[in-house]
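K.L.:
coordinates for the following, if possible.
(one chain, ligands or ions: 1)
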Amino acid sequence: MVVQPISSYRLASLQETMAQLSKEDCHIMAGGTDLMVQHKSPMGAPAHFDKPLVFIDHLTELRGIYQQNQDLHIGACSTYSELLEHPLIPNILKKAIREIAAPAIRNRGTLGGNICNASPAGDTLPLLYLYNAKIRLRSAKGERAAEIHDFIQGPRRVNRLKDEIVTEILLPDLQKDRTSLVFEKVANRRADAIAKVSFAGSIQVDEGQIHDARFAFGAVGPTIVRSKELEQKLRGEAFPLKGKVMDAILADYDRLIKPIDDQRSTALYRKTVALNLLRYFLETRGM
Ligand SMILES: Cc1cc2nc3c(=O)[nH]c(=O)nc-3n(C[C@H](O)[C@H](O)[C@H](O)COP(=O)(O)OP(=O)(O)OC[C@H]3O[C@@H](n4cnc5c(N)ncnc54)[C@H](O)[C@@H]3O)c2cc1C
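P.N.:
Numbering: from 1, shown residues only. The predicted structure follows:
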């Protein structure tokens, strides 16, 4: 097999990187833990890329983690290992990250990469949906922000122009105090395994009534499944839920969740586990 040489760029600043992307269509490489697998060649030959590579993992502009007003800003190229060590990262997100791959991958893989890869089994995504995360993008032409559920459009499909780089993830809505927040991943083993189903839930109860409830399911559809409409129905309900209300909400999610069979699991298993996780969360208000 003849390996064609390709160009690759490792430029000194975000500005220069954006300028390059405005001139040429390139693959953006952060940690490379998804990209290298997607472009691997058989028999250990070098990975095969059909267009030039632009490396962004070294860009300090993409790595900061800081709080500004109500928002937590996370640089897109923050690695999982960095996030695990940072005091501002919520414990529940750290729990999800600890269940991603093994330390070597966590030293390379980035939050921005997990989002832009847009796998429905991406382990940070259910929580990012729950937080109503915003994705900040920049190009040589300017800057914009997108809601995560608008940005992710399908498996490996995101609303990103060729010259745009995801620079930051904003968590604008960190729920504190009286909110129970959980993340559960169901996979073949506790570490180094891709999710068959994942679930993130949060509930805030004031004086016996539900004030805010949010549920996000991973690996049960082409994108993370979250319905603000169904969540809204729970607002004002007495908590713990009465049997009839519980049955109705489970029936609603039974209709909403439409998983598929694949090499990791069956649709039936996924649906059953997803609904069990929801029921268990609502019964125990935190696992
Ligand atoms: C052995 C192994 C185990 C894994 N286990 C898990 C797991 O348990 N859970 C899980 O969720 N994932 C897992 N992954 C997948 C992967 O590690 C994560 O999705 C990781 O977050 C990808 O980040 P990255 O920086 O390596 O992305 P890259 O591979 O560099 O990029 C992924 C995609 O995002 C684009 N991209 C990356 N950053 C940006 C940016 N800032 N702006 C615009 N586009 C960008 C790239 O162009 C590419 O299309 C595993 C991977 C491997 C190889």
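K.L.:
ok, is the worst-scoring helix or strand of the chain on mean pLDDT in contact with the ligand or not?
P.N.:
With mean pLDDT, DSSP states H and E as the measure, the helix or strand of the chain carrying the lowest mean pLDDT is strand 179-186 (a mean of 90). No - applying Cβ under 6 Å from any ligand atom, one finds strand 179-186 separated from the ligand by no less than 8.0 Å. C-betas here are computed from N, CA, C, even on glycine.
K.L.:
list the helices and strands that strand packs on?
P.N.:
Counting contacts by 3 or more Cβ pairs under 8 Å, 6 or more residues apart in numbering; DSSP states H and E, strand 179-186 packs against helix 91-98, helix 125-130, strand 197-206, helix 267-284.
K.L.:
most tightly packed of those?
P.N.:
Across the helices and strands packed on strand 179-186, averaging neighbours per residue (mean count of other Cβ atoms under 10 Å) puts helix 125-130 on top, at a mean of 26.
K.L.:
quick check: mean pLDDT across stretch 213-230?
P.N.:
Mean pLDDT, stretch 213-230: 97.
K.L.:
buried stuff in it?
P.N.:
Going by neighbour count (16 or more other Cβ atoms under 10 Å), the buried part of stretch 213-230 is 213-221, 223-227, 230.
K.L.:
read off the pLDDT value for residue 3.
P.N.:
Looking at residue 3, the pLDDT reads 65.
K.L.:
going by distance to the ligand, which of the buried residues of stretch 213-230 wins?
P.N.:
Within these, the smallest distance to the ligand is 8.7 Å, found for residue 218 (Cβ to the nearest ligand atom).
K.L.:
most proximal residue of the stretch 151-287 of the chain with respect to the ligand?
P.N.:
For the stretch 151-287 of the chain, Cβ to the nearest ligand atom, closest residue to the ligand: residue 166, 3.6 Å.
K.L.:
contacting residues for that residue?
P.N.:
76, 112, 115, 116, 135, 136, 137, 160 (Cβ atoms under 8 Å, 6 or more residues apart in numbering).
K.L.:
which residues of the chain lie near the ligand?
P.N.:
Residues of the chain lying near the ligand (Cβ under 6 Å from any ligand atom): 27-35, 37, 56, 76, 100-101, 105, 108-110, 112-114, 116-117, 122-123, 160, 165-166, 194.
K.L.:
so, low pLDDT: which residues of the stretch 101-250 of the chain?
P.N.:
Low-confidence segments of the stretch 101-250 of the chain (pLDDT under 70): 173-178.
K.L.:
can you pull out the helices in it?
P.N.:
103-108, 111-117, 125-130, 148-151, 228-234, 243-256 (DSSP state H, counting those that start in this stretch).
K.L.:
and the shortest one, what's buried?
P.N.:
It stands for helix 148-151. Residues of helix 148-151 classed as buried by neighbour count (16+ other Cβ under 10 Å): 148, 149, 151.
K.L.:
residue contacts, the last one?
P.N.:
Just to be clear, that refers to residue 151. 115, 135, 158, 159, 160.
K.L.:
what do you get for the second one?
P.N.:
The contact partners of residue 149, taken as Cβ under 8 Å, 6+ apart, are 129, 223, 224, 226.
K.L.:
now do the first one
P.N.:
Taking Cβ under 8 Å, 6+ apart, we find residue 148 in contact with 115, 125, 128, 129, 132, 133, 134, 135.
K.L.:
nearest spatial neighbour of the third one, skipping sequence neighbours?
P.N.:
Just to be clear, that refers to residue 128. Closest residue to residue 128 apart from its sequence neighbours, by Cβ to Cβ, 6 or more residues apart in numbering: residue 148 at 5.3 Å.
K.L.:
return the distance of that neighbour relative to the ligand.
P.N.:
Separation of residue 148 from the ligand (Cβ to the nearest ligand atom, to the nearest Å): 14 Å.
K.L.:
what does stretch 263-277 contact?
P.N.:
Contacts of stretch 263-277 (Cβ under 8 Å, 6+ apart): 121, 184, 186, 188, 194, 196-197, 199, 201, 217, 219-220, 250, 253-254, 257-261.
K.L.:
now, of those residues, which are buried?
P.N.:
In the contacts of stretch 263-277, the ones that pass as buried (16+ other Cβ under 10 Å) are 121, 184, 186, 194, 196-197, 199, 201, 217, 219-220, 253, 257, 259.
K.L.:
domains in the protein, by residue range?
P.N.:
8-55, 60-171, 179-284 (automatic domain parsing).
K.L.:
list the contacts of the one residue in the chain that gets nearest to the ligand.
P.N.:
Closest approach between the chain and the ligand, counting by Cβ to the nearest ligand atom: residue 113, at 2.1 Å. Residues counted as contacts of residue 113 (Cβ under 8 Å, 6+ apart) are 30, 31, 33, 34, 35.
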